[in-house]
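Participant: Fold the stuff below for me.
(2 chains)
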Amino acid sequence: MKMKRSLISQLNASIMVNAIYAMINYPIVLISTLLAPFSLLIVITFVSRGSLLPIAVGGALIMTMISAGTSLQQDLSHLKNDFKVQDMVVSSPTSSWIYLVGMALSEIVYSMPALIVLAVLAALYISSNAAGYLAIIAVLAIMFVFSVSLGFILSTYSSDIVQSWAFSGIVSTIISALPPVYYPITFIPLPFRYLAYISPATYAAEIVQNATGLISFSNTTILIDWAVIIIVSAIVAGLAIKKSKWRED
Amino acid sequence: MKTLICDHISKRYEKGKYALSDVNFSIPAKGIFALIGRNGAGKTTLIRILSTQLLPTSGSATIDGIDVVEQEGRLRDIIACVPQEARAVGWVTPKQFIVSYLMWRGFSIKESTHRMNEAMKRLGIQKYMDSPNRVLSGGTKRKVLVAMAMSSEARILFLDEPTTGLDPISRDELWKTLMKLKKDHFIFLTTHYLEEAEKLADKIGILEGGKIMALGTMEELRRKVKYPYSIKILSKTGMIKPKYGDIIRGVDGQYQIVTTESEANRLSKELIDRKVRFSMNPLALEDIFYYIVKKPIEEEQYEDEEKPY
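Facilitator: Purely as a prediction, here's the structure:
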């Protein structure tokens, strides 16, 4: 008789191994993950004498979502190459998407301390209407899908931890360092401003900054921003499903 | 009848080298099957294909009638695999690791905990349950992985070199566990330890250069070898040429004569007369392995070195 398998258990397994147990066994992880998004936020807040705090909080939320993908790529590579956990999971009833979704959720759980503090700051310093808050949540969700999909693709192509670090370095620079998520894009001088548009995070930042009401963009710009992040995320997610190597060939 | 059928499996990696070449055999999917071979013989490639981690370049295999290429989803319901270089995740404890693995397989946390406790008790490692994996000895880490596989509902276990790194006592304990497990599981294992294959396996396959060179029970393998007796000469200078038989050289550099029983008796008398140290036995798996994998010494070319007789 075929065994009835619990999908919740299968998803929880990844969350337990990659987040909960790490936090329980090494409490210092909690402090590290709590501090991670705040370094730039603090600098921007002090340099701007507090005027950019609301924008920086929105930016920190976006960066936390993007960092989830970078961390996911490193964690998947580590579990796959150094412990052969992925091979053990491949030879089990867990499908690739259950494993991926579980691991992606584990990154959210891992970021939870930072997300809670950022949510409190957002409630205090970002004033928007319901549509604005919904837009911010939707952007964060889309950026999360984009970053974890990219992380999953890269992890399947990295054969050791050194390669994984290299991928992380490149992705962090292009996706995280170039875009003006913590400050307005007008702060970047031309022609470097155009470089920022390589990263989907720039489009996400424009939507969030517009939603906070602190910077206004034209409706056309915001429409283009939405189109870009949705299309890019859909393409990357599609590639993750199609091209990722669950079973090697 | 439950069988494992490898149907002309070949695997070629990107660099062009064939890791497996037309592997074709059929065995009952019960008891223990041991695949032995030298480093790079293709053992891990075959186990990865059969456990659905790797696609073959051509050919396929079925286990219990389930195709490993086309029906991997169905097969994954009944298999578990411990890869050769697998390690228990360092930042969790054995308890947490095994429970997580069972949850990946879809068990509830309660059932996973129960199964984990049983498996750890069975392998005698329950005292390490709450120690971080990173502080465990190499042998205990291997046992945690075996406990992980055996605690699952899988009927077929693929164990790639499960006893590598274990001390003789731990290895013996694991052998006892595997002997118990084989009553209701099919265990496909690879090993470098010929003694292990001889002791545990109901059937043994010898893989060399990506090809199955011989396959069968110990008795069947003995019958495949032309000469059933072995004389190991403990010094090179004492080598004598048999009337019937072959001379082969082991990895330790010692020479060995494989021959018939009567010729072995005759040679042993001659060696005693010449006061040469030697040992005489019926062929063990080790002898069969060397006989099959290494060419008889007469077939080798001696350009730089003198023949030993």
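
Participant: Okay, helices next: where are they in chain A?
Facilitator: A:7-15, A:21-25, A:28-35, A:38-47, A:53-77, A:85-90, A:96-110, A:112-125, A:130-157, A:161-171, A:192-196, A:200-212, A:219-243 (DSSP state H).

Participant: what's the last one packed up against?
Facilitator: Which is helix A:219-243. For helix A:219-243, the elements it packs on are helix A:130-157, helix A:200-212, judged by 3 or more Cβ pairs under 8 Å, 6 or more residues apart in numbering or on different chains; DSSP states H and E. For the C-beta atoms, the positions are set from N, CA and C on the backbone; glycine is no exception.

Participant: Same question for that helix: list its buried residues.
Facilitator: Residues of helix A:219-243 classed as buried by neighbour count (16 or more other Cβ atoms under 10 Å in any protein chain shown): A:Ile222, A:Asp225, A:Trp226, A:Val228, A:Ile229, A:Ile230, A:Val232, A:Ser233, A:Val236, A:Ala237, A:Ala240.

Participant: go on, the second one?
Facilitator: The neighbour-count criterion (16+ other Cβ under 10 Å) identifies A:Tyr21, A:Ala22, A:Met23 as the buried residues of helix A:21-25.

Participant: hang on, the first one packs against B:Val92?
Facilitator: It stands for A:Tyr21. Yes - judged on Cβ atoms under 8 Å, A:Tyr21 makes contact with B:Val92 at a distance of 4.5 Å.

Participant: Format the buried residues of helix A:21-25 as a markdown table; extra columns: pLDDT and distance to chain B.
Facilitator: As requested, these are arranged in a markdown table below (pLDDT from 0 to 100; distance: Cβ to the nearest Cβ, whole Å):
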| residue | pLDDT | distance to chain B |
| --- | --- | --- |
| A:Tyr21 | 95 | 5 |
| A:Ala22 | 92 | 5 |
| A:Met23 | 92 | 10 |
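
Participant: what about the helices in the stretch 201-309 of chain B?
Facilitator: Here the stretch 201-309 of chain B has its helices, by DSSP state H, counting those that start in this stretch, at B:218-224, B:261-273, B:285-293.

Participant: Please list the residues of chain A that sit near chain B.
Facilitator: Within chain A, the positions near chain B by Cβ under 8 Å from any Cβ of the partner chain are A:2-7, A:9-10, A:12-14, A:16-17, A:21-22, A:25-26, A:79, A:82-85, A:87-95, A:99, A:247-249.

Participant: re the thing from before, got any residues that touch both of A:Tyr21 and B:Val92?
Facilitator: By the contact definition Cβ atoms under 8 Å, 6 or more residues apart in numbering or on different chains, A:Tyr21 and B:Val92 are jointly contacted by B:Ser100.

Participant: would B:Leu189 count as being in a strand?
Facilitator: Yes - according to DSSP: H, G, I helix; E, B strand; the rest coil, B:Leu189 belongs to a strand.

Participant: which secondary structure element contains the nearest residue to it once chain neighbours are set aside?
Facilitator: Nearest residue to B:Leu189, sequence neighbours excluded (Cβ to Cβ, 6 or more residues apart in numbering or on different chains): B:Leu159, at 4.3 Å. Here B:Leu159 sits within strand B:156-160, counting by DSSP states H and E.

Participant: Neighbouring strands - and their directions - for that strand?
Facilitator: strand B:79-82 (parallel), strand B:186-191 (parallel) (DSSP bridges).

Participant: Which helix or strand in chain A has the lowest average pLDDT?
Facilitator: Within chain A, no helix or strand scores below helix A:161-171, which has a mean of 77 by mean pLDDT, DSSP states H and E.
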